[in-house]
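>>> Got a predicted model here, sequence first, then my questions.
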Amino acid sequence: MFMKSSWIKILPIFILIFGFLFLDAKKEMKESVFVFNTKRKLEDNIEKIINDNKEKKMEVNKKVDDKFIYLEFSSDNKVFSYFINATTGEESNFEDFIKENKRNDFSKKINELIYLKYPKFIADILTVNNGNKVYKIENDKLIIYFENYVIEPVIEEELFLTIDFNEVKEYLDFSFVLNKEYQNENGYNFNKNKKAVALTFDDGPGGDKTNKIVELLEQNKAHATFFMVGNKMESGISVMKNVLDKGNEIGSHSYAHKSMKRQKINDLLSDEEKTKEIYHNITGKNLIYTRPPYGAINDKIKESLDTIFITWDLDTEDWLHRDKNYIVDYVMENVHDGDIILMHDLYDSTVEAVEELLPKLYAAGFQVVNISELANLKEQVLENHNIYRSIRKN
Ligand SMILES: [Zn+2]
C-alpha cells in the first residue's frame, strides 16, 4: 500500500518530465523540418534558375557572406544575375541586401556617381526609376547595368556604373572585400581609345553667351578652347575666370582682331606682347596658343611669333548662318576623329547649337575636349612655330 501510494505521488512529476521532453523533441523536429524545407526551397530555386538559364554561360554560383546565393550568367555580352536569400531560400533582389534604413542613402550615392560619370542628358534619365537595373557583384565592386532606359539622342554604347564597395560600405548588409586604391568613374577621364574632337570658340570673351557655353560644356562632361581678343579681355575678367575654372583653355586671338598678314612684324610682335601681358595680369597664366584672325597666316608670321598656331578643319560658319539646325547638321555630317571645330561665342544661335550638338557628339562616340587634351589623347607634342588644323594619331 505504502509503495503504491508513493508511486502515485511521484507520477505527476514523471508526467511533467516526459511532457517537457516530448514538447522539446517536437519543437526540435519542427525546427529541423523548417531548416530542411528552407534548404530544399533554396536548392529548388537554384536548380530552377540554372535550368531557366541553361542556354547561357554560367559565370558565378557562390554564397556571399551566408546572406545570399549569387548566380550570374552571360549571353551575347549581356549579364544576368540572381540573388537567393540564404535564410529563407526565396529568390530576392539585390536591394534586399541593402540595410533597410540606408536604402535612401544608397540610392543618393548611386545618383551622385552617375552624375560624375555621365553627361546630364543621360544622368537625368538613369537616376529616374524607369528602366531595368542589373546588379553584378565582383570581388571588391558592384556594377550596375542600365537596361531599357530611353535616352535621346540614342546611346549606342552600354550604360553601366562601376561602384567600388568603399563608396557604399555603410549601406550594405553583407561583408565584402575592400580595395585600398580605387578611382571612381569620371566622365572627365578621357579615353585614348575613343574618338575625340576639339571644340574652339573665337572672338570672345562673349559675356553671357560664353558663360552659357561653359555651363553646357560642364553638363556634358566636355571642354573647349576659347580664343579671345586681347583688347576685349579686361571687360570680361569674370567670364575668363569662369572659363578656366571649369577646365577649359584660353588662347590668343590677337590684340585687336586685325589680319596678321596686313600688319608689320614689329607691330604684330608688340600686339602679341600686349595680349600676353593682359592675359597674365588677369589669370596669372601664360598664353601658349594663338589663332590668327581669319586664319590668315604666312611663313614670316609663323617664324616670328613664339607660339603654337591653331587653326581648324571644320568651320561651322556660325557667324554667317546664325541657324542652330544648320550648324548641328553640318557638324554631325562632317565631323571626324581629331578635328578642330570652329565656332564663335557671340551668337544665341551658336549657344543653341552647342546645347544640341554636345549630346549628339557624345551619342556618336565623340569626346569633346580642349586643344591640350586632344593633343594628349592623340599623343602629339605641339610645337611653337607650327600650325595645327587638326590633331590626329600618327
Ligand atoms: Zn575671329
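Ah, there it is.
>>> tell me the mean pLDDT over stretch 71-83?
Mean pLDDT, stretch 71-83: 96.
>>> Can we start the residue count at 725 from this point?
Got it, the first residue is 725 from now on, which makes the last one we talked about stretch 795-807.
>>> buried sites along it?
Within stretch 795-807, the residues scored as buried using 16 or more other C-beta atoms under 10 Å are 795-798, 803-807. The way it works is simple: take the backbone N, C-alpha and C, and place the C-beta from them, glycine included.
>>> With stretch 870-885 instead?
For stretch 870-885, using 16+ other C-beta under 10 Å, the buried residues are 870, 873, 875, 879, 883-885.
>>> Return the closest of the buried residues of stretch 795-807 with respect to residue 1099.
The closest of these to residue 1099 turns out to be residue 803 (C-beta to C-beta; 36.7 Å).
>>> one step back: near the ion, from the buried residues of stretch 870-885?
By C-beta under 5 Å from the ion, no member of the buried residues of stretch 870-885 lies near the ion.
>>> List just the nearest of these to residue 817.
Taking the buried residues of stretch 870-885 together and measuring to residue 817 by C-beta to C-beta, the closest member is residue 870, at 15.6 Å.
>>> Apart from its chain neighbours, what residue comes closest to the closest one?
Excluding the flanking residues, the one nearest residue 870 by C-beta to C-beta, 6 or more residues apart in numbering is residue 883, at 4.3 Å.
>>> and that neighbour, what does it touch?
The contact partners of residue 883, taken as C-beta atoms under 8 Å, 6 or more residues apart in numbering, are 842, 846, 850, 869-870, 873, 875.
>>> what are the phi and psi values for it?
Phi and psi for residue 883, reported as degrees, to the nearest 10, are phi -100, psi 120.
>>> Point to the residue nearest the middle of this protein.
residue 841 (1.5 Å; C-alpha atoms, centre = their mean).
>>> Spell out which residues of the stretch 975-1118 of the chain are next to the ion.
Within the stretch 975-1118 of the chain, the residues that sit near the ion (C-beta under 5 Å from the ion) are residue 1017.
>>> what's the answer for the stretch 825-974 of the chain, then?
Selection of the stretch 825-974 of the chain residues close to the ion by C-beta under 5 Å from the ion yields 926-927.
>>> Poorly predicted segments of the stretch 825-974 of the chain, please.
Low-confidence regions of the stretch 825-974 of the chain, defined here as pLDDT under 70, do not occur.
>>> could you show me where the strands are in it, in order?
Ranges of strands within the stretch 825-974 of the chain are 856-861, 865-871, 883-888, 919-928, 949-952, 973-976, based on DSSP state E, counting those that start in this stretch.
>>> If you count neighbours, what's buried in the first one?
Pointing back at strand 856-861 there. Buried residues in strand 856-861, counted by 16+ other C-beta under 10 Å: 857-861.
>>> nearest residue to residue 796 other than its sequence neighbours?
Leaving aside its sequence neighbours, residue 796 sits nearest to residue 784 (C-beta to C-beta, 6+ apart; 4.0 Å).
>>> Tell me how many other residues crowd residue 1001.
Around residue 1001 there are 12 other residues, counting by other C-beta atoms under 10 Å.
>>> any idea how far it is from residue 927?
According to C-beta to C-beta, to the nearest Å, residue 1001 stands 20 Å off from residue 927.
>>> and if you look at residue 996?
Applying C-beta to C-beta to residue 996 and residue 927 gives a distance of 17 Å.
>>> try residue 974
On the measure of C-beta to C-beta, residue 974 and residue 927 end up 13 Å apart.
>>> more neighbours, the two?
The neighbour comparison of residue 974 against residue 927 (other C-beta under 10 Å) goes to residue 974, with 24 against 20.
>>> on that earlier part again, of all the strands of the stretch 825-974 of the chain, which one comes closest to residue 1051?
Checked against C-beta to C-beta, the stretch from the strands of the stretch 825-974 of the chain lying closest is strand 919-928, at 11.9 Å.
>>> So in that sheet, which strands flank that closest one, and in what orientation?
Using DSSP bridges, the strands paired with strand 919-928 are strand 949-952 (parallel), strand 1064-1068 (parallel), strand 1090-1093 (parallel).
>>> re the thing from before, using JSON lines, lay out the strands of the stretch 825-974 of the chain together with distance to residue 761.
Output for the strands of the stretch 825-974 of the chain, formatted as JSON lines (distance: least, C-beta to C-beta, whole Å):
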{"stretch": "strand 856-861", "distance to residue 761": "27"}
{"stretch": "strand 865-871", "distance to residue 761": "31"}
{"stretch": "strand 883-888", "distance to residue 761": "35"}
{"stretch": "strand 919-928", "distance to residue 761": "57"}
{"stretch": "strand 949-952", "distance to residue 761": "68"}
{"stretch": "strand 973-976", "distance to residue 761": "67"}
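>>> Of all those, which one is nearest residue 1024?
When the strands of the stretch 825-974 of the chain are compared for distance to residue 1024 using C-beta to C-beta, the nearest one is strand 973-976, at 18.0 Å.
>>> tell me the secondary structure for residue 785?
Following DSSP: H, G, I helix; E, B strand; the rest coil, the label given to residue 785 is strand.
>>> Name whatever forms a beta bridge with it.
Under the criterion used (DSSP bridges), residue 785 bridges to residue 795.
>>> OK, contacts around it?
770, 774, 793-796.
>>> Nearest to residue 991 among these?
Nearest to residue 991 among the contacts of residue 785: residue 796, at 69.8 Å, using C-beta to C-beta.
>>> Looks like the closest one contacts residue 803 (just checking).
Yes: checked against C-beta atoms under 8 Å, the pair residue 796 and residue 803 is within contact range at 6.6 Å.
>>> Pull up the overlap in contacts between those two.
Shared contacts of residue 796 and residue 803 (C-beta under 8 Å, 6+ apart): 783, 860.
>>> So for residue 1065, which of the strands of the stretch 825-974 of the chain sits nearest?
strand 919-928 (5.2 Å).
>>> returning to that earlier point: could you dump the contacts of residue 785 into JSON lines and include distance to residue 940?
Below are the contacts of residue 785 laid out as JSON lines (distance: C-beta to C-beta, whole Å):
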{"residue": "770", "distance to residue 940": "50"}
{"residue": "774", "distance to residue 940": "49"}
{"residue": "793", "distance to residue 940": "47"}
{"residue": "794", "distance to residue 940": "41"}
{"residue": "795", "distance to residue 940": "44"}
{"residue": "796", "distance to residue 940": "39"}
